[in-house]
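1. sharing a model that was predicted from the sequence below.
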Amino acid sequence: KNEVEQSPQNLTAQEGEFITINCSYSVGISALHWLQQHPGGGIVSLFMLSSGKKKHGRLIATINIQEKHSSLHITASHPRDSAVYICAVRLALGAQKLVFGQGTRLTINP
Amino acid sequence: DTEVTQTPKHLVMGMTNKKSLKCEQHMGHRAMYWYKQKAKKPPELMFVYSYEKLSINESVPSRFSPECPNSSLLNLHLHALQPEDSALYLCASSRSGEAFFGQGTRLTVV
């Protein structure tokens, strides 16, 4: 079993829909990252969370430390949001390392 | 400047060639990373440099040789690679846990 599990693996939606991507982890962490990767491209850091909730534009990320669960929400989704979204955790011990989830491939159709 | 710059963007090399990948950041980050990413997989950590010293080597074959000449620059020297080493090589830097990734070098070994 992976230390970081994401769901769903693939998600296709229509433009304007509200999107939720989930991440569960089984290890002690100091922080959780949500990352975005467009096809063939580098990785952009969207959020770093250690508690609570953060919002940036149409993106919202939440984390529940007790339940070891995080969600990434996209409101009013747009085709340009199509990308792979990756959850990664920074371990509480060995804080230099990120442990990555398998990623969620999101496709937003016009 | 909040960028991590990687060069070249694309590289094709033969199995007998020697080449180098370069990564540069001017954000004053003292932790720098090399990751390898195969298609449709999450990044895999290869090396971590902390204050210009190698702190983590994830049992990477010796045909990959990292170098950190100064606090802004990270190199990955490649020699006698195999076709299965073809991948996207990502560089990252971090400070206070926040991670910044480069656009990657897409390497093809022929």
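-> It's in.

2. which stretches in the chain count as strands?
-> Using chain A. Applying DSSP state E to chain A gives strands spanning A:4-7, A:10-14, A:19-25, A:29-37, A:43-49, A:52-56, A:59-64, A:69-74, A:83-91, A:98-100, A:104-109.

3. wrong one, I was asking about chain B
-> Using DSSP E, strands in chain B cover B:4-7, B:10-13, B:18-25, B:31-37, B:44-50, B:53-57, B:64-70, B:73-79, B:87-95, B:98-101, B:105-109.

4. which residues sit against the third one?
-> The one in question is strand B:18-25. Here strand B:18-25 makes contact (Cβ atoms under 8 Å, 6 or more residues apart in numbering or on different chains) with B:3-8, B:11, B:13, B:32, B:34, B:72-79, B:89, B:91, B:93, B:100, B:102, B:105, B:107. Quick note: C-beta positions are derived from backbone N, CA and C, even for glycine.

5. any chance of the strands of chain A in a markdown table, plus mean neighbour count and mean pLDDT?
-> A markdown table is the format used below for the strands of chain A (neighbours: other Cβ atoms under 10 Å in any protein chain shown; pLDDT from 0 to 100):
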| stretch | mean neighbour count | mean pLDDT |
| --- | --- | --- |
| strand A:4-7 | 18 | 96 |
| strand A:10-14 | 13 | 98 |
| strand A:19-25 | 19 | 98 |
| strand A:29-37 | 22 | 95 |
| strand A:43-49 | 19 | 94 |
| strand A:52-56 | 12 | 96 |
| strand A:59-64 | 18 | 98 |
| strand A:69-74 | 20 | 98 |
| strand A:83-91 | 22 | 95 |
| strand A:98-100 | 22 | 91 |
| strand A:104-109 | 17 | 97 |
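
6. ok, which of those comes nearest B:Asn57?
-> strand A:98-100 (16.0 Å; Cβ to Cβ).

7. list the contacts of that closest one.
-> Everything outside strand A:98-100 that qualifies as a contact, by Cβ under 8 Å, 6+ apart, is A:3-4, A:25, A:27, A:33, A:86-91, B:42-43, B:45, B:99.

8. return the list of strands paired to it, each annotated with direction.
-> Using DSSP bridges, strand A:98-100 pairs in its sheet with strand A:83-91 (antiparallel).

9. and the gap between the residue of chain B positioned farthest from its centre and chain A?
-> The outermost residue of chain B relative to its centre, with distances by Cα atoms, centre = their mean, is B:Ser96 at 20.4 Å. To chain A, B:Ser96 is 9 Å away according to Cβ to the nearest Cβ, to the nearest Å.

10. in contact with residue 70, which residues?
-> Picking chain A for this. By Cβ under 8 Å, 6+ apart, the neighbours of A:Ser70 are A:22-25, A:32, A:34, A:49, A:61-64, A:87.

11. my bad, chain B
-> B:Glu52.
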